[in-house]
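1. Could you look at this predicted model? Sequence included:
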There are 2 protein chains.
Amino acid sequence: ISPTLGKLQFAPFSSALNVGFWHELTQKKLNEYRLDETPKVIKGYYYNGDPSGFPARLTLEFSAFDMNAAIPARCCPAFGTLYNTNTFETFKSCDKKSLLEKEANEIWESIKSGAALENPMLLNRFLLLTFADLKKYHFYYWFCYPALCFPDGIHIVQKPVCLGDRFSLNQIQALQKAYDELCQTEGVTALPYFLIKYHDNSVVVSPLKKWDDFFQDQGGKVTVGVYDPCNLSHYPGWPLRNFLILASHKWGNILQSIEVLCFRDRTMQGVRDITHSIIFEIKLPQGAFGPDCPKAVGWEKNQKGGMGPRVVNLSECMDPKRLAESSVDLNLKLMCWRLVPTLDLEKIVSAKCLLLGAGTLGCSVARTLMGWGVRKITFVDNARISYSNPVRQPLYEFEDCLSGGKPKALAAAERLQKIFPGVNSEGYNMSIPMPGHPVNFSEVTMAQARKDVATLEELIDAHDVVFLLMDTRESRWLPAVIAASKRKLVINAALGFDTFVVMRHGLKKPKQQETGNACFSTAPGPSDLLGSSLFSNIPGYKLGCYFCNDVVAPGDSTRDRTLDQQCTVSRPGLAMIAGALAVELMVSVLQHPEGGYAVASSSDDRMNEPPTSLGLVPHQIRGFLSRFDNVLPVSLAFDKCTACSPKSWNLCSHF
Amino acid sequence: ISPTLGKLQFAPFSSALNVGFWHELTQKKLNEYRLDETPKVIKGYYYNGDPSGFPARLTLEFSAFDMNAAIPARCCPAFGTLYNTNTFETFKSCDKKSLLEKEANEIWESIKSGAALENPMLLNRFLLLTFADLKKYHFYYWFCYPALCFPDGIHIVQKPVCLGDRFSLNQIQALQKAYDELCQTEGVTALPYFLIKYHDNSVVVSPLKKWDDFFQDQGGKVTVGVYDPCNLSHYPGWPLRNFLILASHKWGNILQSIEVLCFRDRTMQGVRDITHSIIFEIKLPQGAFGPDCPKAVGWEKNQKGGMGPRVVNLSECMDPKRLAESSVDLNLKLMCWRLVPTLDLEKIVSAKCLLLGAGTLGCSVARTLMGWGVRKITFVDNARISYSNPVRQPLYEFEDCLSGGKPKALAAAERLQKIFPGVNSEGYNMSIPMPGHPVNFSEVTMAQARKDVATLEELIDAHDVVFLLMDTRESRWLPAVIAASKRKLVINAALGFDTFVVMRHGLKKPKQQETGNACFSTAPGPSDLLGSSLFSNIPGYKLGCYFCNDVVAPGDSTRDRTLDQQCTVSRPGLAMIAGALAVELMVSVLQHPEGGYAVASSSDDRMNEPPTSLGLVPHQIRGFLSRFDNVLPVSLAFDKCTACSPKSWNLCSHF
């Protein structure tokens, strides 16, 4: 055997983790892994068709988490283990040496057991250690492609030469054809390792596992092929390393040397070309290995060339609006990780909310809905923004008051977009027709009133939850009637000076159940009353509405009011508290499996096991700021109520 | 006597109610009248020095409500009665006929009794009926200058001529001098009515009350002078009307006619001139009046010339920033009208508030402070606005997150200005030094930490209330120590997932009292314990702080936290509720006569008479959103507390 020509060196892999990968990791972390830090199997690939000058890359993209995802044509898959840590501290203090040793050992075991011969993918593994700072969209990672080492290196017997200089055109074409056919037979896009026999006019290739039979007629000459991501004319890429360990372990005692063909496969100007593949011969060391796993290397250096984690700042390259959406989702999903794993966010986020009134309450309700990720928010109001509003109505600013003031409904909808472009907000600058307020009986005003009623009805139809947030009692009547007849969830909030009421209206049963099904009778059945006091265990369909305790017909409460009666004079904190509670009540009701039909919780239920993971589902929350106290009364529907009894719905249709 | 030359007509007054008047009316209404509708005496004036072409005006300005306010030179005062109604409906339905009759009757009575002779101002009265829509800065008003009427009018005997055509230069100068001297003698700026005797080279004037003596030597010739706001060469102004009724009532049976000199007094190009005064003679009707008050007229027509109220829209001409300020004040003052008459708004509005933390809590606290009219709000925060913030932190918008995000403290301060330009807001983009967080011991970082401590100390010094609204426990420590040592009111708010605590820290007694005065001993004295359970009747100076129950030294709670622990994962409504309650707690404490020293209210006190008109003054409010419940625990200060015990203050000074 000829003297060695120095030792073989390998071009290391560069990790290429693209935006899609990080995005998908974010989604997995948020929705699936959450706080789970156990290792996960992921899948990358490498390509060998790059123009020269490109580094050998192991690419991970969005498909990395899907084991069934297709590998792009002429790419070779590689499987890896993802260690995603919950904290930066865990990431930093992770024992990378032992992670590498563990992985190397598995490779070594697969070599010793022969499993790697059967499935050469076992040689082709990587590690990825990550920490995803999802608040800032900064991703920290360490990448490792473990390579077992020969104690004394690998000696070159014949220097690498270009395949084009060594093979005839016939041989080259025959190799190409044979490789393609083998891939097809094996059903893969690329084979990482294979065996080659060649003669003047023929080239045959085979999977690794057929080694013994394949080379029987070769008289000790062995050529192996490796799918090589490297482009350099004198160096093979990293994937060859573990393969040579396998070869040495298995045949080191019968072969002195081995020929290696680094198969490279590119298309230049429409013509396929493998002539830049390289071929060389190395010495197989004798008895290089004992039973223990040899030393391994593979942690990638960082961008500065030092040993440190790499960092990717995606906040800079992401569309800011997308970033905002993901960030808002993140905050919500965090709730599901540990605190409320059973939380069904979708029920909340997808609730279409109609806010009647865009004043102090309307603004606070809208802000809290935004916090819960609600995407569809519609305002109805007919007032303009006045100078006293912005300090108490948190969607308006001084500028909105100039020149007579913008219409509140439109300005509120616009502001929501400014806060979060992902929201779908609309405003209707419109009065809500009120009984007791005389309509001037001209053609024009009557037509307008009819149009307003029709619009209101359409709006209520198109939403899931109706918030009554007006500053008069009677303006709540018509929407309450319409919403009751359409079985929409109604959340009502009203302020005094330092008291408030936040309530859900009773939700009538659907019509077919009401008449056809005896077990839904509104008369309390025996089971309803089991172990219950007069006002406990009242199901949603028997609960009263805002008007159930009324003894007067709706009148005009805005006439003849003094200034302090016209303005809702209330302690400034009150609307924020009531607005926030109105939304939290909605959320609790939506989380209950029976939604608006849920049995109402009362103050007494505070001692009991709550019906949902978010807690109680009261009928009413009455708050007393002077005592910093809330009580949770429950009241029954009044069967002749001017708003929620089915009788009133006919009245409404004659409007 | 010569045949009449037609009937005398009078130029009516125009009301001239300037911006100052409406502004002052607004202030009076807000701060003094509130809901009081009883008639008020106000004071206007008229001038007679205008160039020709100006209408005769009764002017009301800001001084109208001050009976001691000086009347401008050469202006004649007139007293009126203001009827300011609380509602537009009262304004519209007011019985103007009877108001006029009542006023006319008083004039008539003053004529019959002779009081008007003694005090001619009694003839010169006006009525003003107003409704001030202070939400919109629209002012509605009716003005009336009541004039009693002669049943058949007043017949002219000698047509009005210009005084310059009738009097010699000597006479004119003599009249001018005599009038000036009489004003001086009487101590007034102008005399509305006076008596005149003139001969070729002399003019003598006299007050009305001397009528009988003054004219004794005139052989039946009587000349009266009236200070005439009218400029027209053929018509006198309105003030003459009641004076002629007086003359006719008193001397109608002894005089057939009377000469009238309408005294007009202007300065043209630096030269005083009364030659445009007019003089004429009228017939005094015989026995024109019975005992009953004659018919009266006087309600002013509106701008369109019809009988209707005038309206002034000041929102258009006011500086919008002033308008915003007044509107914000209005909403606050409305609270004092009926609901909480004892509310001392000044204590709240003038409180200088330092907000440590400009996140979810900081934003909500700032918004509620704005609602209460607080004018000085300072933020400290070292974070930048991230994409997830705007939907939960109600001072930020999507735009604020771009390019890495604006510093929160600065953006929050800017936003407050946008909401209400009258606020004095500042932001400090600064870290709060924390024990347990290792300071990198370089010169630079040590110097920065020292500077931050100094700035924090200055800021706490310069404010009255310190809000602790950070998201870590240990960042609250240093400000708590400094604020305790400086006896500043500390309001602390902290969030869990669906629970919160809002508390005031105990307020230590001033140093001199602490040591020098035995009755302020911190050991409970007998009176402290009278009829009290263990945790009732605890005065402010014995209350604990956030750290009093701590058994661990402050450490670094931000290290090694998972994403859901780093973000304050809380139900979105929680920060709004806790932020609002933090401010309402501050307000309640400030309203208590003992402020931060007030005895703490507990949940048990909800049944008792509240200590202030706003209600309880708890030590802590602990809220449980899942139960929609708050409790009000009270706890004693721990005398070895790491934050609020005087021992810790020394520690701090070594920082």
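-> Perfect, I can see it now.

2. quick one: the nearest residue to residue A:455 once chain neighbours are set aside and chain B, what's the gap?
-> Among residues not flanking residue A:455 along the chain, residue A:430 sits closest, at 6.3 Å (Cβ to Cβ, 6 or more residues apart in numbering or on different chains). (C-beta placed from N, C-alpha, C; glycine too.) Per Cβ to the nearest Cβ, to the nearest Å, residue A:430 is found 20 Å from chain B.

3. likewise residue A:224?
-> Taking Cβ to the nearest Cβ, one finds residue A:224 at 47 Å from chain B.

4. can you count the residues close to that residue?
-> Counted with other Cβ atoms under 10 Å in any protein chain shown, residues neighbouring residue A:224 total 21.

5. my read: the residue nearest to residue A:455 touches residue A:454, true?
-> No. The pair residue A:430 and residue A:454 does not pass the contact test of Cβ atoms under 8 Å, sitting 10.9 Å apart.

6. check contacts around the closest residue to residue A:265 other than its chain neighbours.
-> Excluding the flanking residues, the one nearest residue A:265 by Cβ to Cβ, 6+ apart is residue A:274, at 5.1 Å. By Cβ atoms under 8 Å, 6 or more residues apart in numbering or on different chains, the contact set of residue A:274 is A:163, A:172, A:175, A:176, A:263, A:264, A:265, A:266.

7. Pick the one among these closest to chain B.
-> Distance to chain B, by Cβ to the nearest Cβ, is smallest for residue A:266 among the contacts of residue A:274, at 41.0 Å.

8. what sits against residue A:350?
-> By Cβ under 8 Å, 6+ apart, the contact list for residue A:350 reads residue A:375.

9. Phi and psi next, for it.
-> Dihedral pair for residue A:350: phi -90, psi 0, per degrees, to the nearest 10.

10. Quick check: the gap between it and chain B.
-> Taking Cβ to the nearest Cβ, one finds residue A:350 at 16 Å from chain B.

11. got it, and residue A:286?
-> To chain B, residue A:286 is 50 Å away according to Cβ to the nearest Cβ.

12. ditto for residue A:76
-> Separation of residue A:76 from chain B (Cβ to the nearest Cβ) stands at 35 Å.

13. that's a strand at residue A:282, yeah?
-> Yes. Applying DSSP: H, G, I helix; E, B strand; the rest coil, one finds residue A:282 inside a strand.

14. Check it and give its pLDDT.
-> Note on residue A:282: pLDDT of 93.

15. Excluding covalently adjacent residues, which one is nearest to it?
-> Nearest residue to residue A:282 in three dimensions, chain neighbours excluded: residue A:154, at 5.2 Å (Cβ to Cβ, 6+ apart).

16. show me what contacts the one you found?
-> A:7, A:8, A:244, A:282, A:283, A:285.

17. Show the average pLDDT along stretch A:244-262.
-> Average pLDDT, stretch A:244-262: 90.

18. right, I mislabeled it, should have said stretch A:153-170
-> For stretch A:153-170, the mean confidence score works out to 92.

19. next one: stretch A:540-549
-> pLDDT averaged over stretch A:540-549 gives 90.

20. List the buried residues for it?
-> Going by neighbour count (16 or more other Cβ atoms under 10 Å in any protein chain shown), the buried part of stretch A:540-549 is A:540, A:541, A:542, A:543, A:544, A:545, A:546, A:547, A:548.
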